Each structure stands twice: as structure tokens, then as C-alpha cells.
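Undergrad: Sequence below, structure please.
(2 chains)
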Amino acid sequence: MIKKKICVLGAFAVGKTSLIERYVNSVFSDKYHTTIGVKTDQKDVKSGDKDVRLIIWDINGEDDYQKVKPSYLTGASGALIIADGTRKDSLAVAMEMMELIKTTIGEKPFFLLINKSDLRQDWEITREEIEDLKDNKINILITSAKTGDNVEKAFTELTGSIIENDL
Amino acid sequence: MEEHTENNGQQLPSMDELRELILGLNPDELNKLRQWLRDRNSFSEEIANILPASVIKSIELSLPLGEALMPIIEESIFASVQNNPKALADALFPIMGPAIRKSISDTFRSLIESLNRTLENQFSPQRIKWRLQSFFSSKSYAEIVLLNSVSFTVKHVFLIHKETGLLIQDYSAGDNALESADMISSMLTAVQDFVKDSFANELEKDDHLNAIRLNDLNVWIEEGPYAILAVVFDGNAPETIRETFKETLENIHLKFGRLLKEFNGNSDSFTMLKSHLKACAVEQKKQKTNYKKPLIIFSIIVILSGIWAGFTIRDNIRWNKFIDQLSQQPGVVIINSEKKSGKYYLRGMKDVLAGNYYDLALKNKIDTAKTVFKWSNYISLENSFIIVRIKRYLPENQKVNIFSSGGKIYFEGEASSKWIEAAKEYTGAQRGYFTADFSKLKNSISDSLQKIESAINNTSIVYKRGIYKIDSVMAKEFDRIISLTRFYHKYKSDILLKYMVTPDSKGDSTINIVFAKYRLKTAGKYLKRNMPEIEIKGIINYNSEYGHRTLIFNLKKND
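TA: Residues are numbered from 1 along each chain as shown, chains lettered A, B, ... in the order given. All right, here's what the predicted structure looks like:
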């Protein structure tokens, strides 16, 4: 059993906790509770022939009242950076998070998840912006914690990248 | 210089070309090699250039460079210390100082905590209880204190990768295996990070959260360079046990430091660490002292002691009562009484007339078989005993009552002179021991004497007118008087018989007086003649109340 620490970060209320809940417990709740500090979850997955235990650090959303503590990222093998498709500003925060990851843990694999695909009609982030990011070799997935769309895939692919990175 | 040789018009290769073909090195390269072999400085310089990269490469390739260099490094350190200890001390100074201070601080904190605990309980009933526990068990007081003060059980031990917060290995005591050990480890790390970040300004670089407490549940955390040891226990553990945890962490780092540093999440390589973690899973429970056996023995002892005490007290009470009663017996003097070796000893003095002590002992249920009496004879001056002795000495006289009152022995009643004499003689011999009083004792003759006296005093003889001689009738009276007086005289020798003559009141007073004188003289002669031993005295009494021509007598005792 290989254990890997991954961090999930992004702006506040983008759906970090919901994505984790969906992935770990297959549940979704409309109720919003802001995360203070960090909370952890775990999920056992299989990546190829390897059994991997993901220790998922759900880090509080970055806003004016709470800043992401870099120490939470220490030792992470990878990260999921979440943005909210309906809030353009969350993408800017996601960019900041990417920088933070690079400066804190170096060139570790990460995925940018544009969440709330179930509210596509309200999206502020455009397709062009997403394509631009893809062109910059950023791994992007469109997800929905509510519907579960691409949630499993996000974690699985990140895990794969992490294992591959180890090799 | 290239040398070419011709052979049948063909140009043969030069030596240099030949060398290059054989060795694969061009002339420049060969020259360089040559230079290295010949010039050591040049060779050293070349090695120096590639040495750092070589070391780095060795590390990347995980080659055992460290192990290979270890003997040289040890020798170098040894030589450095021998040569110039200051150099190494200066180098280590920045880390030694904080480490020493921290160690001292930890030691003092643990000492104070221990002292506080001791002081808190110093005068508590709990300490008295522990002393009793120590008394009834085979454990010393210090052991009992330790067992009661440091009751704790280690539940879980986590070894956490410091950087990632991932669980490297864990150990759970008993059936307390945790499914969420990984999450716990990561949360512990998150909490550590939170605390360090939040209080960064107040903390020193190496400070870390080292204890978390929730009621009886404690988590003690020790940090090493690459791993954190978290021990979860409930109860009160002494600070000294933290040393065990520190030592365990240090041992793990010593043996597996490189593995820890390179930990990539695969904990399979660390299964051997479980035994190290198990060493931290110590337990000290409050030993339930088995009171049953000591209590039973104690109860038996108490019961037997109670029974023995009861019998002893009963015997003592009986004995004391017996002594008390015996001492009140007349004719008994208790000198000493004691109990020795299960027997009662009594020493005293006893009058032969005293009561039977043996019966008294039996009456008080004294076990005479366990009693030793030592009596000395003595004569008691108890009045009752004196009276008994008097009665034994004197002839029996029913008419005399001998009794004591107010410290005197009284004789009351009537007894003969002889008896009285004997009594007085006896009591006189005992003078000083008691006082006898005979005032209530009458001599049986004294009544008679009193009657005689009365008879004499009441006798009056009347003369006929003109007669002064004693006729036969008168003589009888005189003789009677004489007889009575002489009898009286036997018992009362010092007496005076007075006789008085009264003159006639009729006729010539002068003649009456002459006749009175003649009568006086005649009576005197008669009396004197018949009782010469008795003093007599006659007078003429002119008081007519005594009668006329009368002779009266009066017997007087000369006291």
C-alpha cells in the first residue's frame, strides 16, 4: 500500500469539500459549510497494479479572511486546484494556487478542475479561457460534485500522474 | 610529428594513428593522460574538478558513499578534536546550545510536574490509604505511590512522516486497532502545522506541539528530523516515560534515517518498525491490590485478638473486683498484686481472724489454679478483732456488751468486780493500741452498795425523852448500821460515817442540848467500839428539819 498526500485547494466556495465528499463518500449536499483550516479524508484506489491510499487534504478556501497556509502543502505528492465555472475570479485564485504549489512543493502533478458543470448556463469562465489553459499544458477537467461528473476521473488521473512521477 | 612509412608505395599509418586506433584516444587525449600520470598536481586538480559532481551523482544513484566515507570522517573528527577541540565545539555551538537548553527545560518541567503531583497529594487521605495498602501488601510505599500515580495505558503509537504527514507505521495495543490511522496522522500533522503557523512569532524554530490532552486521553508528540512519533495513551504518565519515546524515535532515525528521508509513501518497507513502536506501548496500571487474603487474615487476627482481649479484660475486671473486695475485708492488707506470665500474684498480710479469701475468690470466679497467694501473718487492730480477742480472753459474761464506737472499745452492762478487774487488766496491757471505756459498765456490787448507802442514810433512830443510853431496840438498829457500814467498807474503804443528833425541841433547851451531847457520845462509843476501822464523825444538828431527839446517819465517800 502506497500512501500519497494530495491537497485540494482553490478559492472559497468553489466546491472543494463537495468534490471530496462525492469522491470519498459518494454524497452531495446543497448546504454550504466553509472549511476552517484543513480537514483530511482518505480513499483507497488502485492505480495500475498498485494499491494507493490517498490522504486528501481539504484546505480552506482562499479569501480575504483565510489564506492558504503553505505548510499544509508540504510533502504533497500532487494537488487538485478547483475553480468555480460560474465565478471568473475563482480562476484567478486558482492561478495563484498553482504558483503556490510550484513554490512550495515544486514540480508535482496537479489538475485544474473547473467545477459546477451542472450550472453551465451560469458560467463566467469561457471555453476560450479553458483552451488557453490547456495550451499552457495545464491538465484541466470539467467536473460537477453535484452530478459526479469527472470526479472519479480527476482523482484517478491525478493518482496515476503521481505514481508515474515517482517512477 | 607524424611519421609515415612507405611500404610498396602505400603510406602506412603513423604511430599516433596506430595508438589512436588501438587505444581509442587521440594524441591530445593521450598527452593529457600522460600528464596526469606524470604530474600528480595536475591529476589532483582534475579529480578536484569532478569530485563534487561525483559525490552528487553518488547520492543520486544512492550509492553507499556515506558508509564508505564513514571511517574517514570518524577519524577526521577524532583527529580534529584531538588537535583543536575548539574548532568542532565552535561548529557545534549553534545547535548544542538550544539542544542543551531544551533538554534542561524539559527535565525541569518534568521535575516540577512530578513535584506538583507529590505536593498535591502530600496530605491527602489517598496517601494514608496508600500507606495502608503498602502495610497489607508486599510492596513498598514508594512502589504503591508509583503504581497509583502513574497509571496509564498506551493505546496507539504512530510514526508519521514529518514532511508529508503520511503514516509510516503504527501500532495499536490490544484490540484497539484504528481504521482511520492515516487520517489521524494527517490531521495531527495539520494541527501541528496550524499551531506552528499561527504562533510562529512566539515560537522558536524547532518548537513543536508536543502534547494534546482531552480528559484522560493524551497524545504526546516527539519530532525528529524526518519522522514524528505520536503516542496516544490514557491515564497519567510520568514525564520520564517521554524519554522512552524520545529514545525510540532517535533509534529509528539512527537505523532507518535514510529510508525515512526518502519515504515516498510506501510503508511496506517499514514493517520492521512495528517492534520499535511496540516498545513505546508501555502500560502501568494501578495494581489492584488483592485485599482478600490479607483481609481474611486481618479479620481472623482481629477476631482472635478481640476474643483474647475480651477474656483478658474479663479476668482483669474479676481480679480487680476481687482485690477490691479483699482489701475491704478486715484483717487483710494487700501489699502487691500483679499479673505475670498469665498468672495472678497477690502478696499481703492477713490476720488469723480475717475471713476466708479463698471463698471470696471463688465467689468472684477467680481461677485459683492460676493465682498465687503469699500471706504474712499480722495482728490487726481492727476494733472487731480486738473485741473478739477481748471476748476470747475474758470469761464469758452475757451481761456485758463490748462494742466499738468512735474509735473506742466500750464495755457496757454489768459485771463483777473481778471480771471488771480482769477486763481492765487486759485492756491496760493493750494500752496504746486501743482505748477502752468502762463508763458504761457497772460493777454488779455497786448497786448493793448504793442500797446500803441509801439504807444507812435513811436510818433515823428516835430517842425517848430523858434517855441517852442505847437500849436493845436501838442496839439492833445500831448493829444494822454497823453491819451495813462494814460491808460497805469492804468495797469502799475510804468512807466516813457521819451521825447527827438533833436535840429535843420541847422543854428546856439547855437540858435538851445536854441530853443531845450525851446521846452523841454514847452513839459514838458504840459505833467506834464495833467498827473501829471506819472513820466516824458525830455532830449535833440544831436544824429541826431533821427531827427531834433523832439520830441520823450519813455515809460519805471520801473521793
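Undergrad: Please make it C-alpha for all contacts and neighbour counts, starting now.
TA: OK.
Undergrad: Pretty sure B:Gly547 sits against B:Thr502.
TA: Yes: between B:Gly547 and B:Thr502 there is a contact at 6.6 Å, judged by CA atoms under 8 Å.
Undergrad: what about the two, which has more around it?
TA: Under the criterion of other CA atoms under 10 Å in any protein chain shown, the comparison of B:Gly547 against B:Thr502 puts B:Thr502 first, with 28 against 18.
Undergrad: Now A:Arg53: phi and psi?
TA: A:Arg53 adopts backbone torsions of phi -110, psi 110, taken as degrees, to the nearest 10.
Undergrad: Single out the residue in the stretch 101-250 of chain B that lies closest to chain A.
TA: B:Thr164 (3.7 Å; CA to the nearest CA).
Undergrad: Could you find the closest non-adjacent residue to that residue?
TA: Excluding the flanking residues, the one nearest B:Thr164 by CA to CA, 6 or more residues apart in numbering or on different chains is A:Gly75, at 3.7 Å.
Undergrad: Contact residues of chain A facing chain B?
TA: Proximity of chain A to chain B, by CA under 8 Å from any CA of the partner chain, involves residues A:1-5, A:37-42, A:55, A:69, A:71-72, A:74-76, A:166.
Undergrad: and those, which of them are in helices?
TA: A:Asp166 (DSSP state H).
Undergrad: Would you show me how to pick out the buried ones of the residues of chain A next to chain B in PyMOL?
TA: Filtering these down to the buried ones (16 or more other CA atoms under 10 Å in any protein chain shown) takes a single PyMOL command:
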select buried, chain A and resi 2+3+4+5+37+38+39+40+41+42+55+69+71+72+74+75+76
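Undergrad: could you list every residue that touches the residue of chain A found nearest chain B?
TA: For chain A, the residue closest to chain B is A:Gly75, as judged by CA to the nearest CA, at 3.7 Å. Residues in contact with A:Gly75, defined by CA atoms under 8 Å, 6 or more residues apart in numbering or on different chains, are A:5, A:105, B:163-165.
Undergrad: By neighbours, which of those residues wins?
TA: B:Gly165 (30 neighbours).
Undergrad: Model confidence for that one, exactly?
TA: The per-residue pLDDT reported for B:Gly165 equals 88.
Undergrad: Could you look up the SS state of it?
TA: Classification of B:Gly165 using DSSP: H, G, I helix; E, B strand; the rest coil returns coil.
Undergrad: quick one, what contacts it?
TA: Here B:Gly165 is in contact with A:5, A:75, B:185-186, B:188-190 (CA under 8 Å, 6+ apart).
Undergrad: go on, B:Met183?
TA: Per CA under 8 Å, 6+ apart, neighbours of B:Met183: A:40-42, A:55.
Undergrad: Identify, from these, the entry nearest to B:Ile221.
TA: A:Thr40 (19.3 Å; CA to CA).
Undergrad: neighbours around A:Asp135, how many?
TA: 10.
Undergrad: Show the pLDDT at it.
TA: Per the predicted model, pLDDT is 91 at A:Asp135.
Undergrad: got the CA coordinates for stretch B:268-279 in PDB?
TA: Taking Å, rounded to 0.1, in the frame of the first residue of the first chain, the C-alpha atoms of stretch B:268-279 are listed here in PDB:
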ATOM      1  CA  ASP B 268       5.700  -1.800   3.300                       C
ATOM      2  CA  SER B 269       9.400  -1.200   3.800                       C
ATOM      3  CA  PHE B 270       8.800  -0.100   7.300                       C
ATOM      4  CA  THR B 271       7.000  -3.100   8.800                       C
ATOM      5  CA  MET B 272      10.100  -3.900  10.800                       C
ATOM      6  CA  LEU B 273       9.500  -0.600  12.700                       C
ATOM      7  CA  LYS B 274       6.500  -2.100  14.400                       C
ATOM      8  CA  SER B 275       8.600  -3.700  17.000                       C
ATOM      9  CA  HIS B 276      10.200  -0.300  17.800                       C
ATOM     10  CA  LEU B 277       6.800   1.200  18.200                       C
ATOM     11  CA  LYS B 278       5.600  -1.600  20.300                       C
ATOM     12  CA  ALA B 279       8.400  -0.700  22.800                       C
END
